[in-house]
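Novice: Kindly return the folded structure for what I paste below:
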Amino acid sequence: MNSLTLKPSIFDFLDLVQFLQTHFKWRKNVEAQFSYTAWSNELGIGSKTILRFVLQRKRRISLKTAQVLKSNLRLQLPEAEYFDYLLSYSQPRSEAERTASGAKLINLQRAQYKQVEFDATQTTLDVLGPIVLTLLTFKDFEPRSEFAV
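Specialist: Numbers count the residues shown, from 1 in each chain. Prediction:
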């Protein structure tokens, strides 16, 4: 399965531009007519060149552009907060800002993943237990009923 069929999660990134590049590729894959021009029109930026330069790392993301992007991406509260810290981590004004943003990103990432404890002896009773547990950690595929046993 093509990894671009699943919407990218911002929590999987430590670089805002890389997330935006991946989001653009995903939208292009899902919507054939999607382009720099279409996205810049959606954002109200006016010029596709500004957007292209941001995605090519030739231009920094301004606070105004960041707010427009965040709105366009329709990020919910934890994602929107992650976006803000990812912006300051990706484009820090100081090393202290980068360090503080990095620590906050780690905390937000950890909050997204819930660990479940279970009796380990139960998983080793069956040879498929460790395989199933490993497969449950993968996020790059969509579960479908034809895979069910």
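Novice: Skipping adjacent residues, who's closest to K104 in space?
Specialist: Spatial nearest neighbour of K104, excluding adjacent residues (C-beta to C-beta, 6 or more residues apart in numbering): Y85 at 4.7 Å. All C-beta atoms are positioned from the backbone trio N, CA, C, and that covers glycine.
Novice: and if you look at L20?
Specialist: L55 (5.9 Å).
Novice: Report pLDDT for the residue sitting furthest away from the middle of the chain.
Specialist: In the chain, the residue that sits farthest from the middle, by C-alpha atoms, centre = their mean, is L125; the gap is 36.6 Å. As predicted, L125 sits at a pLDDT of 73.
Novice: Would you mind naming the helix or strand containing it?
Specialist: In the assignment (DSSP states H and E), L125 maps to no helix and no strand.
Novice: Now stretch 91-98: buried residues?
Specialist: Within stretch 91-98, the residues that count as buried by 16 or more other C-beta atoms under 10 Å are Q91.
Novice: what's the span of it from first residue to last?
Specialist: 8 Å (C-alpha to C-alpha, to the nearest Å).
Novice: Give the residue spans of this protein that score low on pLDDT.
Specialist: Across the chain, residues meeting the criterion (pLDDT under 70) sit at 1-4, 118, 120, 122-124, 141-149.
Novice: where exactly do the strands run in it?
Specialist: With strands called from DSSP state E, the chain shows none.
Novice: biggest helix in it, by residue count?
Specialist: helix 95-112 (DSSP state H).
Novice: just so I have it, where are all the helices in the chain?
Specialist: 16-30, 36-43, 48-55, 63-72, 77-90, 95-112, 120-123, 129-136.
Novice: packing partners for the first one?
Specialist: Going back to what we said before, that points to helix 16-30. helix 36-43, helix 48-55, helix 77-90 (3 or more C-beta pairs under 8 Å, 6 or more residues apart in numbering; DSSP states H and E).
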